[in-house]
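Enquirer: next input, structure requested:
(chains A and B)
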Amino acid sequence: MTSTLTISHLTKRFAGVEALRDVSLTVEPGQRVALLGHNGAGKSTMMKIILGLIPFDGGAVTVCDAAPGSAAARAQVAYLPESAAFHPALTGEEQVRHYLALRGKRPSQALDLLARVGLGDAAKRRIGTYSKGMRQRVGLAQALIGKPRLLVLDEPTSGLDPVSRRDFYTLLDDLAAGGTAILLSSHALTEVEARTDRILILSGGRLMAEGSLADLRRKAALPVAISVAPTAGQKAALAAALPMARANGDGRLHLDIAQGEKLPMLARITGLPQVADLEVIPPSLEDIYSHFSRRDGQ
Amino acid sequence: MNRILSTAAVEFRIALRNRWVAIAVALMVVFALVLAAAGAAPTGDIGADRLSVIVASLTSLAVYLVPLIALLMSFDAVAGEVERGTLPLLLTYPVSRAEVLAGKLLAHLAILTLAVVVGYGAAAGAAFWMDPASAAGLPALLRLVASSVLLGATFLGAGYALSALARRPSGAAGLAVGLWLGAVVLYDLVLLALIVSDGGGALTTQALPLALLANPADAFRLFNLAAAEASAAAGGMGGAAAAIPLWQSALSVALWPLLALMLAIAAFRKVTP
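Expert: Residues are numbered from 1 along each chain as shown, chains lettered A, B, ... in the order given. As a prediction, the model looks like this:
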């Protein structure tokens, strides 16, 4: 099984400034990969290089066994831009029919595609009358054309309401199950957490970390937060038994524990008679993301 | 081919909804009918049929109006896609930039042809109504239609090239107006000034014919006047038209659209989304 996308030692400069530095990664068929990074971290630049829209300065990129932007690659790659835009004078159906024709598919599938993204009723209306979320769905509909081997999505869920987001990720799951590799960038970290197989963190044009969420959590080795609730009237006694804990206004005690000390500490807390309840809060993706994206001198 | 036809169909629909089709046709019809009415007075003495006289007038009209309509339709072609943000997505599709431009050209040329045929047709109808002998002018009318379409194709291509160079609709509009003024109005004024200052020397006899052939608008005028019977009625360029062989102006009229389209494709290839 060959990788759908292979990038090795990719470098891109804009007027002397390095937008991407020595980035290497692979994306396998059926994998859902999230690309995280601040604004200006190089996410969009990397996507444009993968799509063949802009040239690069060093390294090698292979997309579906072809050069990025070549006819063979473009036939197998679909793209959803950050804010999908279409001509306002066309209806959703006309626009999707045109995209189908450009991919050599039957234009009559347009209504089916629009129905899949929940735009069946609006298909005959002009895109100029659509909301941002509806335009985003037209963008998604065109990205679904002809089962692409690689789907590149630039902040696909911005502008979608929570229910639409869930439907959107369900569509992605179906595609991934069919072997489509998916590379998406997002600022909504909690969505990415549940819905992707691998996470890449870009900062200042460098790939700072990559792996599954569990991998990143292990590598970051951030402290685990433990919140302990005392039994009635025992708060002072509990605080004495756990001198390193902070007391917050909520009547509970809070501890930050290094990963390696988590189990011994839990054993110790559960052994205390004053404990009514406890919660273990693992570091969130936001914490892990900040850890990796700020390591670079910030 | 399917990709070009689909692009053309979409562009035609957009032009229809933006009223460009109606505007182009109305402009041509109104101006052609005004010319047909205004040109009604001085015939009879010339000995040419009514349609031939009207074709000569229409030639002078077309040389201004056809490039203007072509540039108005084309200046937005690439710059508009850049501004709307539709270009990056389009360029990730398996369609070449030349195919995109070919599709747009096909649609815009169809609109222009429609406007020219309806406009000239209205004027020709008026000619036949006033003078039944107008059938003698029909070949000239057909030549005018064909060369107008080629002139339009030239300025459509030039408009696409400017649109790709400017990358912003406002800049492209400015360049298009500049090109129209330069090629259609100022070019002839400069040539006229040179002739006057040269006083019939080598410049007038040798450089002038080349200069006229090098400008698609002048080549269009030469072609139609040299071919028409009524060149005397057109005044002005009649003398020049007689001095330059018909095949040369025909060649210029036919080659310019290809050259303009090649320029447009080259400029579009340089656009990075």
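
Enquirer: distance check, the residue nearest the centre of chain A against A:Met47.
Expert: Centroid check for chain A by CA atoms, centre = their mean gives A:Ala34 as the closest residue, at 3.3 Å. Distance, A:Ala34 to A:Met47, using CB to CB, to the nearest Å: 13 Å. No exception for glycine: its C-beta is placed from N, CA and C like everyone else's.

Enquirer: overlap in contacts, these two.
Expert: The contact sets of A:Ala34 and A:Met47 overlap at A:Ser185 (CB atoms under 8 Å, 6 or more residues apart in numbering or on different chains).

Enquirer: identify the bridge partners of the residue nearest to the centre of chain A.
Expert: As for beta bridges, A:Ala34 partners with A:Leu184, A:Ile199 under DSSP bridges.

Enquirer: show the pLDDT at it.
Expert: For A:Ala34, the pLDDT comes out at 91.

Enquirer: settle this for me: it is touching A:Ala194, isn't it.
Expert: No: A:Ala34 sits out of contact with A:Ala194 when judged by CB atoms under 8 Å, with a separation of 10.6 Å.

Enquirer: anything in contact with each of these two?
Expert: With CB under 8 Å, 6+ apart as the test, A:Ala34 and A:Ala194 reach no residue in common.

Enquirer: and the stretch 51-200 of chain A, which residues reach chain B?
Expert: By CB under 8 Å from any CB of the partner chain, the residues of the stretch 51-200 of chain A that approach chain B are A:51-54, A:71, A:74-75, A:77-79, A:81, A:83-87, A:89-90, A:94-95, A:97-99, A:101-104, A:107, A:139, A:142.

Enquirer: buried ones among those residues?
Expert: Buried members of these, counted by 16 or more other CB atoms under 10 Å in any protein chain shown: A:51-54, A:74-75, A:77-79, A:81, A:84-87, A:89-90, A:94-95, A:97-99, A:101-103, A:107, A:139, A:142.

Enquirer: from these, which land in strands?
Expert: In strands, judged by DSSP state E, the following of those are found: A:77-79.

Enquirer: the worst-scoring helix or strand of chain A on mean pLDDT - contacts with which helices or strands?
Expert: Among the helical and strand segments of chain A, the one scoring lowest on mean pLDDT, DSSP states H and E is helix A:189-195, with a mean of 78. If you count contacts as 3 or more CB pairs under 8 Å, 6 or more residues apart in numbering or on different chains; DSSP states H and E, helix A:189-195 packs onto strand A:32-36, helix A:162-177, helix A:285-294.

Enquirer: what number of residues lie near B:Ser52?
Expert: 26 (other CB atoms under 10 Å in any protein chain shown).

Enquirer: any idea which helix or strand comes after the helix or strand where it lies?
Expert: Taking DSSP states H and E as the criterion, B:Ser52 maps to helix B:50-74. Sequence order places helix B:79-84 as the next helix or strand after helix B:50-74, per DSSP H and E.

Enquirer: Provide the contact partners of that next one at residue level.
Expert: Residues contacting helix B:79-84 (CB under 8 Å, 6+ apart): A:85-87, B:87, B:90, B:163-164, B:166-169, B:171-172, B:271, B:273.

Enquirer: and the residue of chain B most remote from its centre, how far from B:Leu141?
Expert: Computed with CA atoms, centre = their mean, the residue of chain B farthest from its C-alpha average is B:Thr92, at 33.0 Å. Using CB to CB, we find B:Thr92 at a distance of 46 Å from B:Leu141.

Enquirer: A:Phe292 too?
Expert: 74 Å.

Enquirer: cool, and A:Leu119?
Expert: 49 Å.

Enquirer: and for B:Ala193?
Expert: Taking CB to CB, one finds B:Ala193 at 34 Å from B:Leu141.

Enquirer: likewise A:Ser108?
Expert: 43 Å.

Enquirer: now do the helices in chain A.
Expert: A:43-51, A:71-76, A:92-102, A:110-116, A:132-143, A:162-177, A:189-195, A:213-220, A:235-241, A:262-270, A:285-294 (DSSP state H).

Enquirer: so what secondary structure elements neighbour the fifth one?
Expert: In terms of contacts (3+ CB pairs under 8 Å, 6+ apart), helix A:132-143 is packed against strand A:77-80, helix A:92-102, helix A:110-116, helix A:162-177.

Enquirer: from the stretch 151-298 of chain A, which residue is nearest to chain B?
Expert: In the stretch 151-298 of chain A, no residue comes nearer to chain B than A:Val152, which is 8.2 Å away by CB to the nearest CB.

Enquirer: quick one, what contacts the closest residue to that residue other than its chain neighbours?
Expert: Closest residue in space to A:Val152, ignoring its immediate chain neighbours: A:Tyr79 at 4.9 Å, by CB to CB, 6 or more residues apart in numbering or on different chains. Contacts for A:Tyr79 (CB under 8 Å, 6+ apart) come out as A:47, A:51, A:143, A:151-154, B:88-89, B:92.

Enquirer: and with 6 Å instead?
Expert: Going by CB atoms under 6 Å, 6 or more residues apart in numbering or on different chains, A:Tyr79 touches A:51, A:152, B:92.

Enquirer: which parts of the least confident helix or strand of chain A are buried?
Expert: For helix A:189-195, by 16+ other CB under 10 Å, it's A:189, A:191-193, A:195.

Enquirer: with stretch A:15-30 instead?
Expert: Across stretch A:15-30, burial judged by 16+ other CB under 10 Å covers A:18-21, A:23, A:25-30.

Enquirer: ok, and what's touching it?
Expert: A:3-12, A:33, A:42, A:45, A:176, A:179, A:181, A:183, A:205-207.

Enquirer: which ones are touching the residue of the stretch 101-250 of chain B found nearest chain A?
Expert: Nearest to chain A in the stretch 101-250 of chain B, going by CB to the nearest CB, is B:Gly103, at a distance of 9.8 Å. By CB under 6 Å, 6+ apart, the contact set of B:Gly103 is B:4, B:7-8.

Enquirer: nearest to chain A, of the residues you listed?
Expert: Chain A lies nearest to B:Thr7 out of the contacts of B:Gly103, by CB to the nearest CB, at 7.4 Å.

Enquirer: and for that closest one, nearest residue in space, chain neighbours not counted?
Expert: Take B:Thr7 and drop its neighbours on the chain: the residue closest to it by CB to CB, 6+ apart is B:Gly103, 2.5 Å away.
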